[in-house]
Structure formats: C-alpha cells, structure tokens
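1. build me a model:
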Amino acid sequence: MIIYQTDKQHFLDDVFKRDIEAIVLESFRNRTGRSVSKEEIRSWASSLVYMGKVLNDDAIPNDCGVAIEYMIPQTAKRVDFLLTGKNHEDKDCVVIVELKQWESARKTSKDGIVSTRFARGEAEVGHPSYQAWSYAALLEGYNEAVYDGGVQLRPCAYLHNYADAKGPINDPFYAAHIERAPVFLKGDDERDRLRQFIQKHVKHGDKGNTLFLIEGGRIRPSKSLADGLLGLLQGNQEFVLIDDQKLVYENALSHARAVRENGKRVYIVEGGPGTGKSVVAVNLLVGLTSADMVAKYVTKNAAPRAVYEARLVGSFKKTYISNLFVGSGGFTETERNQFDALVVDEAHRLNEKSGLYGNLGEHQVKEIINAARFSVFFIDESQIVTLKDVGKKETIRQWAAELGATVFEGALESQFRCSGSDGYLAWLDNTLQIRPTANDKLDIAEYDFRVVDSPTELRELILKRNRERNRARMVAGYCWKWPSKKNPAAYDIEMPEHDFKARWNLTKDGGLWMVSDDSVHEVGCIHTCQGLEADYIGVIVGDDFIVRDGQVITQPEKRASSDRSISGLKTLAKTDPALAKEKADAIIKNTYRTLMTRGMKGCYVYFTDAETAAFFRNGIIGTRDQADSQSNNQTAHAAAESAAKFPFPVLLGEEGRSNPRAVPLIPLQIAAGSFSESQALDMNADEWVELPEGFSASADLFVAQVVGESMNRRIPNGAWCLFRSNPKGTRQGKIVVVQHRSIDDVETGGSYTVKKYYSEKVATEDGAGWVHQRIKLLPESTDSSFQPILLGVEKQDHIRVLAELVVVLV
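-> The predicted structure is shown next:
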C-alpha cells in the first residue's frame, strides 16, 4: 500500500504551494482508517520540504514517480520516500530514501547500531544506512514486481538536520552499510550530493508506471523459518533482520562477548506472535557458533525441533542436529557455566520439573541460567497454555538474582505475521478479552479473517488454500477426546449436524504434523503448532470458550478429560478457587490466541457456539465478510462467467478434479515470447477442461492460451492449446515451451518462449553418442521480423523444456 503517490512536479506543488503534511495525513486516514501521532505529522512537514528542495532541479525529470509511506507487504514497516524512473539503460529504478530528523548520534560497538536522542530520551537504533538497505531487501523479497521484474533498488538515507560530516554517522565502523546505502547530511553540498545520486539512477521519467507495478505487485510467498534453516546454518543470510530484530540480535551478541570479563548475564526478550522471536533466536545461534562460542538452541516444544531436524537431515549429521537443538529438560545435572550461551525460544513454556514423570531437577529456569555464562529468553507470557508453564519474566529475574546474573531486557515489536497487521493482534486481544485495546473493530482488508458457518466450510477453505503450497492446516481447542489414538478407524471430532468428522493429528507424524503431506486432513492442537506457522490456519473453537451478553466466559469443564494442559486444576480449586479460575481463564484464552495467530496470510474460524460466532462477526468491518456471505451466489454465477470467458465449457473445482477426462486449465497466458517467471505451471488449478472425444487425459497434460504473433503460422494469436509438461524423448522439430536465463524474446523480453525446437548435433569423440553444438528456437510467423533464438554450447547449461504442444484446440 502506498499512502501518497504522484509525479515530481505535483509533489513540488504540494510541498511549496500547499500543506504537504495535511495532504499526506488525509490520504493516510483514507487508506488505513487510522491517524498518526503529532510527532509524525511534524516530521512530514519538515522532512518532505527538504526532499522538495532536493528534487527542485530540472535535471530530475518532472514525470518521475514520487511515493510517500509505502507499506511493505507482510510487515508493519513503512518506507519514507520512493522516487521512480528509468536509469541510463532504460531499466526501471527506485530510489529509496530513509528520512531522519536526527541532529546527533553516537557510535556503538554493535554492527549497524547507533545511539541517538529522541523526545523520550537516548536509545540505540539501527544505523540509517542499515535501515534503508534492510527496507530495500524486504521490498525485493516480498514484491514479485520487484523480485521478478528487474526493478533496480537504490537505497540511501537523508539526515537533513545532522551537520557533523566527520561524526559517528560516517565512522569507518559503519562503512559496509554506508557503501550499500549512502548517507547524506545537512547542508547545500550534501543536498547536491543526494541530488546527484538521484540523477545517476533516475535519468528519465516513468510517469509513475513503476509505482503502479509495485502497488499492484503480487506478494511473494513468505519463507518460513523451517524453509530457511538450512541456509542459515550454512552461513547464508536467509532473513533480513529489521529494526528491533537487528537491535536485539546485536545486543545479545554484545552480552555474550562481555560475560567473561563482566560476569554471568541474562537477557529477557519479550515479543508477541509474529515479531520474529524464533528467527532472531536461530540467527543468534548461528552468530554465536560462528564466533567460536559453545551455544545451543533450547525449547520445550518438541514440534519445532522435529521440523528443524527434518529440514536438516541429509545435510548435517543427526548427532550434530540433536546437540544443537535441544529440549529444556536436559540441564538438571549440567555444571555451572558449561556453555558460553543458551538461546531459549518459547521460554514461557518452560516447566518447573523435568523428566518424563516430572520428577527431575529443581527448576528449568534455574538450571538453564546455571548452565551458561549467557542465557537469552525469548518470551510471550500470553502464550502460556498449560498449568505447568512457569516461564514468566519475574521468575527469570528471581533465579537470575539468586545465581548472581545481571539481567538485561529488550523487546520485539515489529509484526511479520498476520500480513503484518498490528491491528489484527490488538483486535484479537481485545475481542478475546485478554487485554483491552482501542481496536474494537477489525478491517478485514488488512488480514484475511473469516467466521464461517460450519466446520465443513472451514475444511473446504483450508483444503483449497493448502493446494497452493501445502501450508494450510486445521487446529482446534482441546474439547474432544482422542479415541483414534487407540483405534485408528475411530473419529475424534464429530459433528453429525454438519456431516463433519475428523481425527486429531496423526500419531505417525508426531512433531512433523505441521509440514507432513497428509496432515491437512487432520486437526492439530496447541502442542503440535505452537512455535510454528502456516500461511492459512483454520480454527475450531469449542464450548470451552463462549460469549454471553458481550462477556467472554471460559468453561474448563468443557475440555476433554484427556487434555493434560489443565491437569491439576481441580486440586488447585480446592485450596484456592479464585486462583484456579484465573489460571484456567488465562490458559483457554491464550490457547485460542495462539491458535488464531499461526496464519501468516489468513485465519478462518468456526465457533461451536452461535452467540460467540455472532459476537466475533460483529467486530468485523470491510468488504471481505460481505463477499463471503454472497459466496453461494458467486459460485452459482461462476460457470456462466466461465462460459463467457472461454470458448469451451469449464469445470470448476472438485467437478473438474474428479472428471477422468478433464485436464487443468492453467490460469496464465503462455505467451509466444512471454512466460513470466513469477508464474508457475500449477497443476492444482480450480478450472478444468474436458477433452474432446478421441483424447485421453493424463497427469502431464494441461490447457493454456498462447498469445503473440511469432508462431501464428501454427498457433493463431490467442489460441487455446493442449500441452504435455516435462516431455520425454526427442524434441527435434516440435513446438515447445522453453525456459533459459539467456532468452530475451523480442515480443516481451521474457525468459520463456514458445518456439519450434531444432538442435544441431555432432558425434562425441568416442563415437558413442551425440552432443548439442547449437540449439535453435525458431519462430513460424507471417511476420519476418521475428528472428530465431540461438543458443551455443556455452548457453545450454540451464536450458529447460517445460512442455510440448500436443494440439491447438480452438
């Protein structure tokens, strides 16, 4: 989302002839439904005038694009200022400007971190150059128009009130960051330098087209920690640490280095769902081991450790993995300071006792602090979900004091889950009545949250979403027993009124339930998903959580007797009924808060209680809920729309998948000369084509449209064709879809093309076979301007024939 966008000339008019801050504020309110602080409005009024002075130069094209406050997808981060145009190679280019009103700063000993003064006092923050570069990296990582479209990003920082050119901001310690994103300071000379930087990268205007591409760019699939774990341990930078994440990481490394001289230290890091606790924790593990420190990653939750091990098996020895990622109960007999550092993730789940029967050790928090010179605890007390969970900040402070450790504290606040929506998390806390917030309404344009009418509808939504990346799952509160554990033929969750029955997560999957191929058909619980994430999560809320007259009522007696999370509650109630009620209330609310924050892109919820469902629906505003209520009508019209859109009948969803003579209709255009890298041959399509008589369907066939004139002698522009993917045997003389990084088709410049394949071969020296000497991709067009694409031996290493033409259908 871009709050304000225009061209340079109109921006200058808004700056010098109008009140730019008022214009941006009005746009911000219109686009987000929220306002901003007076300090931010003042910063717009000041910084944007300085940018106006920079851009007020004839050498910067009047029709280059200007954007203010670009909200990076999947995050809560905003880029201050974007300038777009064409560079000297006529390529799309975006200059990213991080604007700061700082007047002073101090150097620190931490990479990419400086200290500066704010209204609330002095604080350590990211160096402006690091911030600008990290935002550019995020933008490239999340926006397909940037990632696949060849848009060049040029980040920089402008500190228009900072005059000390030889001061800490430009200290050689920060040289690597300044090289990636130069910093410009106060003064006419510095303003000229920034102007020259812009002129170097924006030679020509683009009439805002690049902003249009960025604004409409498809969001790239988010990479989970499990997906990036192997690369991290191999030394790759899989995740860009942003703002408070970078600060916490560098603080932790600093504490770990200081303990040998300054004594035992404990670092408590508080962060809610999606703030990157686990990402920072694993990055920190890598950083500590790279600094030759003996460190381990510790978590009580078995599910994340099982997933991490599954991702790493085959690349590292199992003993190495099991020594690196350990449970929290393994330190009962560890000697003092045996480890340099222990990184404790999900510290709120720590227990008092250890061992299978809970009879070992004194206290897990004490044992962890005792075992390491430095221990860092990543914690969210609102995710305490059993009576045995004792990981609280106060408990950590008490044991640290007893063991002579100095305590430091930090926080993670930036949101990277739930589509980066801080509003969703605040609304959820308010609606679950965990803590009051000002967010009594959720605009579902921010995050795909839905209340559905039945568990059957919930399952259908999750199954559909799971076909995208195998990253959608169903979970539930523990209100149903687990008979299938002993009788695999039994069902655990049954609702005959909805024709719904399902089993709890498969025992064969264990901690791998969240990533196993078949587990989408099962229902997970808090113990198999906490500490992990999905793209979409479907939650069944049982009768342990209901709403009456606007008040949340928790009913622990409605939980299944097999639920061990509240084991001991009845005993506690006999001695302290008020405390028992308080603990049960918190556990039930925290459980659903945790379940409903596992989805990075969306959360769909079915409530067994109708009044509770109505209460949550009443808290939703926006258009998505209205669209859902009309879904039946939309489904009824879909077939009619398809008939108008395609020159043949189209089967939808399960009707197509179950038809033995149907093949997928790929929802893209395989253009003769354009086949965008951002598109994939998705065989889980929702639209299908029944093949004409005489054709047999198979798993490798699909239908797609070819657009372009370079093959018009064989394939008319816009024709719908039947293709076979990953063809075997000779390609000589066939019409194929080819991908190669060196292809630059004249029609659109894509790296995929539809052409006739011809290979020139020569015999090998031993005469036993053949090698390609040159590959020709030939057009067959009435337009002679289309030329063959020639690939010599040196360019054949990465060629891939994606599909071959079977027949032109229509």
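
2. for the rest of this, base every contact and every neighbour count on C-alpha atoms.
-> Noted.

3. and for the helix or strand hosting Glu468, what's in contact with it?
-> Here Glu468 sits within helix 455-469, counting by DSSP states H and E. Outside helix 455-469, the residues that touch it by C-alpha atoms under 8 Å, 6 or more residues apart in numbering are 452, 471-474, 498-500, 520-521, 536-538, 540, 604-606, 684.

4. which among the residues you listed count as buried?
-> 452, 471-474, 520-521, 536-538, 540, 604-606, 684 (16 or more other C-alpha atoms under 10 Å).

5. was I right about Ala123 contacting Thr116?
-> Yes - contact criterion C-alpha atoms under 8 Å: Ala123 and Thr116 qualify, at 5.8 Å.

6. which of these two has more neighbours?
-> Each of Ala123 and Thr116 has its neighbours counted (other C-alpha atoms under 10 Å); Thr116 has more, 18 against 12.

7. pLDDT score assigned to the nearest residue to the more buried one once chain neighbours are set aside?
-> With sequence-adjacent residues excluded and distances taken as C-alpha to C-alpha, 6 or more residues apart in numbering, Thr116 is closest to Ala105, at 4.4 Å. With respect to pLDDT, Ala105 has a value of 94.

8. I'd say Ala105 and Phe118 touch.
-> No - between Ala105 and Phe118 there is no contact under C-alpha under 8 Å: 10.5 Å.

9. work out for me the element Ile41 sits within.
-> Secondary-structure assignment from DSSP H and E places Ile41 in helix 38-55.

10. got it, and Val736?
-> Judged by DSSP H and E, Val736 forms part of strand 735-739.

11. skip the chain neighbours and tell me the closest residue to Leu233.
-> Here the residue nearest Leu233, using C-alpha to C-alpha, 6+ apart, is Val286, at 6.2 Å.

12. returning to that earlier point: helices or strands up against the helix holding Ile41?
-> Of the remaining helices and strands, those touching helix 38-55 by 3 or more C-alpha pairs under 8 Å, 6 or more residues apart in numbering; DSSP states H and E are helix 8-16, helix 20-32, helix 188-201.

13. with just CA atoms, put that helix into PDB.
-> Taking Å, rounded to 0.1, in the frame of the first residue of the first chain, the C-alpha atoms of helix 38-55 are listed here in PDB:
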ATOM      1  CA  LYS A  38       1.600  14.700  16.100                       C
ATOM      2  CA  GLU A  39       5.300  13.900  16.000                       C
ATOM      3  CA  GLU A  40       5.000  12.000  12.800                       C
ATOM      4  CA  ILE A  41       2.900  14.900  11.200                       C
ATOM      5  CA  ARG A  42       5.700  17.300  12.200                       C
ATOM      6  CA  SER A  43       8.300  15.100  10.700                       C
ATOM      7  CA  TRP A  44       6.300  15.000   7.400                       C
ATOM      8  CA  ALA A  45       6.100  18.800   7.400                       C
ATOM      9  CA  SER A  46       9.900  19.100   7.900                       C
ATOM     10  CA  SER A  47      11.400  16.200   6.000                       C
ATOM     11  CA  LEU A  48       9.200  16.500   2.900                       C
ATOM     12  CA  VAL A  49      10.100  20.100   2.500                       C
ATOM     13  CA  TYR A  50      13.800  19.100   2.500                       C
ATOM     14  CA  MET A  51      13.000  16.500  -0.200                       C
ATOM     15  CA  GLY A  52      11.200  19.100  -2.200                       C
ATOM     16  CA  LYS A  53      14.400  21.300  -2.200                       C
ATOM     17  CA  VAL A  54      16.400  18.300  -3.300                       C
ATOM     18  CA  LEU A  55      14.000  17.500  -6.200                       C
END
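
14. change the start of the numbering to 36 and stick with it
-> With 36 as the first residue, the last one maps to helix 73-90.

15. show me what counts as buried in that helix.
-> Of the residues in helix 73-90, Ile76, Trp79, Ala80, Ser81, Ser82, Leu83, Val84, Tyr85, Met86, Gly87, Val89, Leu90 count as buried by neighbour count, 16+ other C-alpha under 10 Å.

16. helix or strand right after that helix?
-> Defined by DSSP H and E, the subsequent element after helix 73-90 is strand 100-106.

17. same for that following strand, what does it pack against?
-> Counting by 3+ C-alpha pairs under 8 Å, 6+ apart, strand 100-106 packs on strand 37-42, helix 43-51, strand 113-121, helix 244-251.

18. how is the protein partitioned into domains?
-> Here the domain parsing of the chain from automatic domain parsing is 37-251, 260-447, 457-664, 673-843.

19. which one of those domains has the poorest average confidence?
-> When the domains of the chain are compared on mean pLDDT, domain 673-843 scores lowest, with a mean of 72.

20. near Glu370, how many other residues are there?
-> Neighbour count of Glu370, defined by other C-alpha under 10 Å: 12.

21. what about it, distance to Glu402?
-> Relative to Glu402, Glu370 is positioned 9 Å away (C-alpha to C-alpha, to the nearest Å).

22. how about Lys281?
-> With distances taken as C-alpha to C-alpha, Lys281 is found 28 Å from Glu402.

23. before we move on, what about Thr143?
-> In terms of C-alpha to C-alpha, Thr143 sits 33 Å off from Glu402.

24. so for these two, which residue has more residues nearby?
-> More crowded of Thr143 and Glu402, by other C-alpha under 10 Å: Glu402, with 23 against 13.

25. what about that one, which helix or strand?
-> Glu402 belongs to helix 399-406 when elements are defined using DSSP H and E.

26. make sure I have this right: Asp125 is in a helix.
-> No - counting by DSSP: H, G, I helix; E, B strand; the rest coil, Asp125 falls outside a helix, being coil.

27. residue contacts, the residue lying closest to it once chain neighbours are set aside?
-> Among residues not flanking Asp125 along the chain, His239 sits closest, at 7.8 Å (C-alpha to C-alpha, 6+ apart). Neighbour list for His239: Ile95, Pro96, Cys99, Gly120, Lys121, Asn122, His123, Asp125 [criterion: C-alpha under 8 Å, 6+ apart].

28. weed out the non-buried ones from those.
-> Burial by neighbour count, 16+ other C-alpha under 10 Å: within the contacts of His239 this picks out Ile95, Pro96, Cys99, Gly120, Lys121, Asn122.

29. ok, so of the residues you listed, who is nearest Val379?
-> Closest approach to Val379 among these (C-alpha to C-alpha): Gly120, at 46.6 Å.

30. hey, what's the closest one bridged with?
-> In this structure, Gly120 bridges to Cys128 when assessed by DSSP bridges.

31. show me the contacts for it.
-> Residues near Gly120 by C-alpha under 8 Å, 6+ apart: 99-100, 127-129, 237-243, 245.

32. before we move on, what about Ala648?
-> Shown in contact with Ala648 (C-alpha under 8 Å, 6+ apart): Val486, Tyr641, Phe642.

33. kindly recompute the last result at 10 Å.
-> Val486, Val487, Asp488, Val576, Ile581, Val582, Val640, Tyr641, Phe642 (C-alpha atoms under 10 Å, 6 or more residues apart in numbering).

34. please apply the same query to Phe374.
-> So Phe374 contacts Met328, Val329, Ala330, Lys331, Ile403, Asn405, Ala406, Ala407, Arg408, Phe409, Ser410 (C-alpha under 10 Å, 6+ apart).

35. okay, it and Tyr355: tell me how far apart.
-> 16 Å.

36. strand partners of the strand holding Val771, parallel vs antiparallel please.
-> strand 787-798 (antiparallel), strand 835-843 (antiparallel).

37. so which of the ones you listed comes closest to Val550?
-> Using C-alpha to C-alpha, the strands paired with strand 770-774 put strand 835-843 closest to Val550, at 27.8 Å.
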